[in-house]
Structure formats: structure tokens, C-alpha cells
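Colleague: quick one, structure for this:
(chains A and B)
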Amino acid sequence: MYGWLWRHLPGPVAVRVALCAVLAAAVLAACFVWVYPAVAPYMPFNDTTVEESQG
Amino acid sequence: MTPQHRRPERGGPGLGYVVLGVVGELLITLGVLLLGFLVWQLWWTDVEGNRAQAQIVSDLPWASPVPTPEPTSSDAGPKVATPRHDEPPVMAEPEHAVTFATLQVPRWTGEPARPVSQGTDRATVLNVLGIGHYPGTAMPGGVGNFAMAGHRTTFGKPFNRIEELQVGDPLVVRTEEAWYVYRVTSTEIVAPSQVEVIAPVPGQPGVAASERMITMTTCHPMFSARQRYIVHGVLDYWAPTSDGTPVELLGGGA
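Modeller: Sure thing, here's the model as predicted:
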């Protein structure tokens, strides 16, 4: 998978490393903005209220 | 890698090895993304939450920052509000997610005043606005139980230091009209289903209230939802905001 990505990135090694870093940063940023906030409500450690319906 | 290492036939690794390699890389990626989730949850939500809650408080038209006491100028210092023990003003419950008060706890040195908003829904109140007020419970100063929930970890963690509270500690609530200074009377750890802690008379659902109580609920132990940490208090006094600042916020009376 990453081997395939590496072979298909253009340019010399330095450029490829830079491109990889940019791609990784973009994926992480997307996670911070969209993925993690969407997943967080399903995590079991954020409940602070007392409620009859909750365990 | 010796020159004599065995090479698979037809020049490349078999299909099985390719699939295995991709699966392995996917698992490693998943692990890294899970680490990223921890960083987001444990650090970034606090950064965002603290910033957002400070902004909310500074955007409240009436919540001017409490002046810091200056020991050198005892006469010209900030005016101390005179405690009043008569019938305090009690505002009506606002709409969902409306910020109507701030909470400041002198015991939590360095902690800013936190916004208190209507509702205890996580997505619309607790995660984005800070402290939430249980709908249907008393409003600040009212007879009954002014009950609030707040995160102890993550999302700005307004109740992070709740375990430091001791009996007698002041809890200072401010609305547009008045200061309400409560004092901690007890703390307890309960199961999440024990809603009687926010009853008008805490622990005695169905009993008519005669006192002006305050209750804070948050998770316990930290990073868990197994139990709830509860702090109860009772109103000590109130004062109009135009009168000055409670002595508890000026470094005295605590």
C-alpha cells in the first residue's frame, strides 16, 4: 500500500518525503476536524450527568 | 539480505504476501490514527473548549472581569458587595443552550469563570458551552436545587478539580442581576442512575424543598463513566452585581 504510494509519487526522494508529510498532515487534520468529533459520542468515558436511562 | 536469499517464482511475492502486507499496513495506520484520537480527545478538546468558554464569558454583556485585588490600595480597591440574606431575585429558566450565568470557584486557583448554560445535552451544551444546568431544577438563588453538570476531563474540563473542594468552600454564581455565593456542604460518589442527587431536596425525591441548594455532577473516576462525583452546597448569601464583588473572589472570606 505505502510501497505503491511511494512508487507513484513524482520527483526525487526529497520531494516524495515532503509529499508524504503533507498527505499525512492532511489526513490527521481531516480526522481532527471531522472524524474524531463524529466518533467521540460513542466513547464511554464522557458522561457527566445523572440520568435514569443511562447505565 | 544475502545474495542467495530465496526468491519466489515468477519474480514477485505471491498474492498472499501482498494481501498480508496491505493488511499489516492498514493495521499500523489504524493504530496511529487511534493514537491521534487520544491526542485529540485528551488535549485538543481542552484547547478548543477553554478558548470557546473564555470567549463565551467575555461575550456576555454583563460579565465584566473581576478586578484583581491590589493590596497596596485598600481604600481604592474593588468594592466588596454587602451580603444579603433576604429573598434573592430568581430568573426564569432560559431556552435550551442559552448561557445565563457564570460559575467561579475560588478554591480552584487559576481557573477562570466558566459559563453555565441551559441543558445537559453533550453535543449542544456540555461539549461546546462548558457547564450545563439540569432543566427543571431550580435557577440560581431559587428554593430547591440548582443542579449543574460539567466535564471533568476533556472539552475544557470545567469540573476537573472537583475533588479539591472541601466543606465550606464558596461556589460563586453570577447572573446578570446578582451574585449568589453558595457553600459546599457535602460531597458524595454515586451511581450514574441516582438522579435523586439533583432532587429539590438532594437524596429525598418528592420532598418539598425549603432550602436553596446547589449541586454539581461530573464523572468519576476520571476518564470513566462508571460513577458520578457529586458536590452539594447551600446558599450563603446573595448580592446585586451593582453592589460590588463578593469578598470570596477578592481573596478573602474563603
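Colleague: so what's residue B:173 up against?
Modeller: With contacts taken as Cβ atoms under 8 Å, 6 or more residues apart in numbering or on different chains, residue B:173 has the following neighbours: B:101, B:102, B:103, B:116, B:140, B:146, B:179, B:180, B:181, B:182, B:214. Bear in mind the C-beta positions are built from the backbone N, C-alpha and C, glycine included.
Colleague: one more time with 10 Å, if that's ok
Modeller: For residue B:173, the residues meeting the contact criterion (Cβ atoms under 10 Å, 6 or more residues apart in numbering or on different chains) are B:101-104, B:113, B:116, B:139-141, B:146, B:148, B:179-182, B:214, B:235, B:238.
Colleague: quick one, which of the residues you listed are buried?
Modeller: Neighbour counting with 16 or more other Cβ atoms under 10 Å in any protein chain shown marks B:101-104, B:113, B:116, B:139-141, B:146, B:148, B:179-182, B:214, B:235, B:238 as buried within the contacts of residue B:173.
Colleague: find the nearest non-adjacent residue to residue B:101, please.
Modeller: Take residue B:101 and drop its neighbours on the chain: the residue closest to it by Cβ to Cβ, 6 or more residues apart in numbering or on different chains is residue B:116, 4.1 Å away.
Colleague: quick check: which element contains that neighbour?
Modeller: Assigned by DSSP states H and E, residue B:116 belongs to strand B:114-118.
Colleague: same question, residue B:218
Modeller: Taking DSSP H and E as the criterion, residue B:218 maps to strand B:212-220.
Colleague: check which helices and strands the following helix or strand past that strand sits against.
Modeller: Scanning forward in sequence from strand B:212-220, with DSSP H and E defining helices and strands, the next element found is strand B:227-240. If you count contacts as 3 or more Cβ pairs under 10 Å, 6 or more residues apart in numbering or on different chains; DSSP states H and E, strand B:227-240 packs onto strand B:144-149, strand B:170-174, strand B:178-190, strand B:212-220.
Colleague: near chain B, which residues of chain A?
Modeller: Taking Cβ under 10 Å from any Cβ of the partner chain as the test, the list of chain A residues beside chain B reads A:1-5, A:24, A:27-28, A:31-33, A:35-37, A:39-41, A:43-55.
Colleague: measure residue B:21 to residue A:43 for me?
Modeller: 31 Å (Cβ to Cβ, to the nearest Å).
Colleague: neighbours of the nearest residue to residue B:49 once chain neighbours are set aside, how many?
Modeller: Leaving out its chain neighbours, the residue that sits closest to residue B:49 by Cβ to Cβ, 6+ apart is residue B:156, at 2.5 Å. Other residues within reach of residue B:156 by the criterion other Cβ atoms under 10 Å in any protein chain shown amount to 27.
Colleague: confidence score at residue B:156?
Modeller: The predicted local confidence for residue B:156 comes out at a pLDDT of 93.
Colleague: verify the stated contact: it with residue B:57.
Modeller: No. No contact is recorded between residue B:156 and residue B:57 when judged using Cβ atoms under 10 Å, the distance being 11.5 Å.
Colleague: who touches both of those two?
Modeller: Counting by Cβ under 10 Å, 6+ apart, the contacts common to residue B:156 and residue B:57 are B:114, B:115, B:130.
Colleague: any idea which of these is closest to chain A?
Modeller: When those are compared for distance to chain A (Cβ to the nearest Cβ), residue B:130 wins out at 11.4 Å.
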